[in-house]
Structures are given as C-alpha cells and as structure tokens.
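In: coordinates only, no sequence provided:
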C-alpha cells in the first residue's frame, strides 16, 4: 500500500492511463484545428471530435448535436444559467434553485439578482433533500428555469431527477441539472428524466482537467441560449473558442470507461463506503452522518466527529487526503455553507470530514484510513474540553460561551 | 496550508494536556471560545497562594492545530511565573513564537484570553 492515500475523489480524480494513451496522438500528430475546413489536418480531427460528441451524448441518452463543449462544469453552469436567463428574459425573470447547489450555480444566480432577476432558493431538509411540493408550488408564470444538481459534491445527497423533470416539463419550465458528480457514477438519461440542460466535467471521471460539456436539448422543447463567450461561432454559436481536441478525446474515453463499469463500480464503492462507516462507528461514539443514508453518491461519505475540530483531525491523519467543512480550512473562517443550509450546527460543521472513494481505492486503504481516523479522533478527544464536559454530563447548549 | 515546525511539534506532542481539580481553591479555570466558532480552550492554573507563583498548568482545546499549539505553549509559559507576570503575556508573543499566519491570529488571542480568564477565576475564588 502506497502512502499517502487519496480519499478526495469528489474533488478530482487522476486521469486513467488508458485515457492518457488515447489523448497522446492529438498533441503532436493529429494536432489540427477542428474548425479548419480546407485541409486534411482539420478534417481528421473534426471526425474524431464528432465521434466523441456522439459518444458523450449517447452516454446520457442524448444526441451528439446536443453537446456543447466547455472548459468544465463551472463554465457549463454559467452558460446554462446566464444563457437561459438572457435569452428568455421576455418570458420572465424568475429562477428556482437550492441553497446547497455548487457555487458555480449559486453565484451566477446572485449575479442575476443584481440585474433584476428573482431567485427562489428552495428549503432543504436535514438530509439534503428538497420538497417536491414546494418546488411545484414555487413555479410561477414568469419562471424560466429550475436548476437542481444530480448529486451533492459535499454531502452526496441525490436529487430525484425524474420527479423534478416531471414537474418542470408539465409546467413548461426548463430544467438544468449540474450532474458533475453524477455522470458516469449513477444512471442518467435526459429523455427519461426530462432534463433540458445538463453540466458535466471530465476530471471527476478520470478524464483531464479543463474539459467539460453542457447538454442543450434540441427538440421537445428546443432550448435556446445566449452565449457568454463570443468569437468564431464554434459550437453552433453557443460557445466560441478553438475546440480542445485532446481534452474532448480524453473526456469521451473517460466517460466510456466509466459507463462500462458503472453498475459494478457503484456496488463496489457503496461496499467500501459502508465498510468505512461501520469500522468508524464500531469504535467511536458521537459520529453523525451528513447527507442521506441511502440516497447518496456511491463514493461519498461525509461524517461529523463530535467534539473534534476538522482541521486538527486532518492534521492528525496526514497520510490521508480528505477534506473538511471546517472553517479553518478556508480563508473565510466560515464553515461549509452546505452543512449550514441543512441546519447542521456550526459546531458539527467544524467537525466534518468528507471521504471520497474511487476507482483506485482498495479495501486495504479503507481499513488503514479507518484505523488512522480512530486513533486521531481518540487522541484529540483526550484533549477536547467539550468531550470532557459531555462525559461529565454537561449539556453544552446550556453553557454560556464567550464567542469571539 | 503549511504549518510551522513549532505548531506541528506542539500538535504532535502537546505539553500539559489534562485537567486540574476545578474545586480546589488554589486552581483557576479559564474556558474561552465557543463550539460554533470552531475553537474552545480550557486552561487551568494551580497557584501557590503564599508566593502567587503558578506551580502547574493544564489545558484542553477543541480547535485547529494552531489553537492546540497556542494553548500548549501558553501552559508552558505560565508555569513558574507569578500571576502578574502571566497577566502580561501578549498574544503577539505567541504569534511570533509559533510563526502563526494572519488567518490564525485569533488562536493566539484566544490563548491570551484563556490565561487571563484562568487568573481572574483564581482571584475571584480566593475572594469568596
């Protein structure tokens, strides 16, 4: 077993060696510009790009012509939200989303608020689920878009995409989903789920960084967008810029590999997730699961270790690469906005650790991670005044704290 | 974020972790910070009432590595000092000793507060 152990697959993934191999010829030999229409260098890569487009589209139940290549899911989210908002502003200026979306969705929504748009942030339950009735009730005549993610990047909770799609289609409102954490991990079909726009990113599925796509529905209904990037009119005018051929080829290969083993890999990762959870809870008390117990990404486990602060915990497991919702890991000193929106107390938000497992995670690594976590938590609880007080029977909510 | 060697040293081998008997009239207890803010420090001193010398100090801290290091260092520094000398310890000295970055300065402030709270608790208990 090689140390340190990478358990942050929700942040990014290594590029699969098979993907790298596929990409290599397009750096040096087949380096043409896919938009060059008058020589073989261009024709050759244009064909490769169109095949990749078709393959990526088919993986989500769409056609190749519905795929717009971007620099990543952040750009895809921005293009979907700002592009729809601008194009459909005569119809209305109301958008519905949730407070636990990725910042790449929330921040463009806030930017639109400054321009006179109205944003409704749905309530989320403690486990990260939205209320479908509230969604239906929030849709108005001037609502143009609903944006709800497939799986949450921090807490792993899945949204019921099919049920959301039923509601939005019936009400005649466009449905965008940020499926960065979903595509290649869980089954997604834009027809069955009535999705109109979908963001994805290659580097979350063992593809290269700087590569993403936005699915834009072509019919029933045909979705229109105003571009946010102007130039040579690539991607049918929706996203100008020379196509990242190596990235596109790598993206298609990465998605193909993920789709090939999706079902078995989901089962394996769910098993590892359960194993880690059971190991930890059998040795430690005061562990709280963040997110939904079953309706969650197969590879994500987010736990709060009561009375232990997250950053000090990560320091104690320096051979594990995990992430924390603790304030101390960010410059802002604010704990995770996702956990806060769920109503997880700030004390437990500070104590949260996200484990992300992936293709190269082994049982041995998970067992090692569990051991390391257990000894670090025990050691830190030995020096935690809060743990001591709880052991003495003190109710921490009755203590008058001197906040600073 | 990279930690200074001294922070790592105090984190790995914290000095004076533990608790003193808070009912002992020679013991002063300072509890500062809040769980919601991500750090709570409990710092205790045991004082020789004849000489006003701090003969022992213990701490327990819920917080990041820098908070643990700041309180560990604080217990090291107050031991053997008179309570007047301990009162004059400044957070800036802790920042300098541990090479804390700007975002961690609040940890040193909390450690200074903890020393002062422990001394004030000791004094008020002597008066009772």
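Out: Structure received. What you see is a predicted model, and the numbers here were worked out from it, not measured in a lab.
In: what does chain B have sitting close to chain A?
Out: By C-beta under 8 Å from any C-beta of the partner chain, the residues of chain B that approach chain A are B:1, B:3, B:8, B:11, B:14, B:17, B:19, B:31-42, B:59-65, B:67-68, B:103, B:106, B:109-110, B:113, B:117. In short, each C-beta sits where N, CA and C put it, glycine included.
In: for the stretch 51-200 of chain A, which residue gets nearest to chain B?
Out: residue A:154 (17.1 Å; C-beta to the nearest C-beta).
In: for that residue, which non-adjacent residue is closest in space?
Out: residue A:338 (4.5 Å; C-beta to C-beta, 6 or more residues apart in numbering or on different chains).
In: surely the one you found is in contact with residue A:102?
Out: No. Residue A:338 is not in contact with residue A:102 according to C-beta atoms under 8 Å; the separation is 9.3 Å.
In: which one of the two is surrounded by more residues?
Out: Between residue A:338 and residue A:102, residue A:338 has the larger neighbour count (other C-beta atoms under 10 Å in any protein chain shown), namely 25 against 19.
In: quick one: residues contacting that one.
Out: By C-beta atoms under 8 Å, 6 or more residues apart in numbering or on different chains, the contact list for residue A:338 reads A:100, A:128, A:152, A:154-155, A:325.
In: now residue A:262. Nearest residue, chain neighbours left out?
Out: residue A:184 (6.5 Å).
In: wait, residue A:387 touches residue A:307, no?
Out: Yes. Between residue A:387 and residue A:307 there is a contact at 4.0 Å, judged by C-beta under 8 Å.
In: so which of those two has more stuff around it?
Out: Neighbours per residue, other C-beta under 10 Å: of residue A:387 and residue A:307, the larger number sits with residue A:307, 25 against 21.
In: how far does the helix or strand harbouring residue A:213 sit from the chain's center?
Out: Element membership of residue A:213 [criterion: DSSP states H and E] is strand A:212-216. Its chain's C-alpha centre and that of strand A:212-216 lie 14 Å apart, by C-alpha atoms, centre = their mean, to the nearest Å.
In: does residue 126 count as helix, strand or coil?
Out: Answering for chain A, as no chain was given. Secondary structure, DSSP: H, G, I helix; E, B strand; the rest coil: residue A:126 is coil.
In: so the residue nearest to residue A:154 belongs to a helix, correct?
Out: Yes. Counting by three-state DSSP, residue A:338 falls inside a helix.
In: from chain B, how far off is it?
Out: For residue A:338, the distance to chain B (C-beta to the nearest C-beta, to the nearest Å) stands at 16 Å.
In: check contacts around the closest residue to residue A:340 other than its chain neighbours.
Out: Leaving aside its sequence neighbours, residue A:340 sits nearest to residue A:349 (C-beta to C-beta, 6+ apart; 6.2 Å). Neighbouring residues of residue A:349 by C-beta under 8 Å, 6+ apart: A:304, A:325-327, A:335-336, A:339-340.
In: let's see it at 10 Å
Out: Residues in contact with residue A:349 (C-beta atoms under 10 Å, 6 or more residues apart in numbering or on different chains) are A:290, A:304, A:310, A:324-327, A:334-340, A:342, B:36, B:38.
In: list buried residues within the residues of chain B next to chain A.
Out: With burial judged by 16 or more other C-beta atoms under 10 Å in any protein chain shown, the buried subset of the residues of chain B next to chain A is B:3, B:11, B:14, B:17, B:31-42, B:59-65, B:67-68, B:103, B:106, B:109-110, B:113, B:117.
In: which elements pack onto the helix ranked longest in chain B?
Out: Secondary structure of chain B per DSSP state H: the longest helix is helix B:105-127. Packing contacts for helix B:105-127, counted by 3 or more C-beta pairs under 10 Å, 6 or more residues apart in numbering or on different chains; DSSP states H and E, involve strand B:27-34, strand B:39-48, strand B:53-62, helix B:65-78, helix B:83-87, helix B:91-98.
In: what angle separates it from strand B:39-48?
Out: Helix B:105-127 runs at 40 degrees relative to strand B:39-48, counting by axes from the mean of the first three to the mean of the last three C-alpha atoms, to 10 degrees.
In: quick one: helix B:105-127 to strand B:27-34, angle?
Out: Put simply, helix B:105-127 runs at 140 degrees to strand B:27-34, going by the same axes, to 10 degrees.
In: now do helix B:105-127 against strand B:53-62, angle only.
Out: Helix B:105-127 and strand B:53-62 are oriented at 130 degrees to each other (the same axes, to 10 degrees).
In: tell me which helix or strand residue A:381 sits in.
Out: Here residue A:381 is assigned to helix A:363-382, by DSSP H and E.
In: so does that helix get close to chain B?
Out: Yes. Using C-beta under 10 Å from any C-beta of the partner chain, helix A:363-382 reaches chain B at A:379-382.
In: who's in contact with residue 123?
Out: Reading this off chain A. A:98-99, A:129-131, A:134-135, A:138, A:341, A:343.
In: please go with chain B instead
Out: B:28, B:47, B:83.
In: quick one: low-confidence ranges for the stretch 301-404 of chain A?
Out: Within the stretch 301-404 of chain A, the segments meeting pLDDT under 70 span A:327-333, A:403-404.
In: the strands in it, which residues?
Out: Listed in chain order, the strands of the stretch 301-404 of chain A (DSSP state E, counting those that start in this stretch) span A:320-321, A:323-324, A:352-356.
In: what's the answer for the stretch 151-300 of chain A, then?
Out: A:174-178, A:197-201, A:212-216, A:287-290, A:300-305.
In: other SSEs contacting the lengthiest helix in chain A?
Out: For chain A, the longest helix by residue count, based on DSSP H, is helix A:262-283. Helix A:262-283 sits against strand A:287-290, strand A:300-305, strand A:352-356, helix A:363-382, with contacts defined as 3+ C-beta pairs under 10 Å, 6+ apart.
In: quick one: residue A:73 from residue B:94, how far?
Out: 42 Å (C-beta to C-beta, to the nearest Å).
In: show me what contacts the closest residue to residue A:379 other than its chain neighbours?
Out: Computed as C-beta to C-beta, 6+ apart, the closest residue to residue A:379 that is not its neighbour in sequence is residue A:316, at 6.6 Å. Counting by C-beta under 10 Å, 6+ apart, residue A:316 touches A:308, A:372-373, A:375-380, B:11-12, B:65.
In: repeat that with 8 Å
Out: Counting by C-beta under 8 Å, 6+ apart, residue A:316 makes contact with A:372, A:375-376, A:379-380, B:11.
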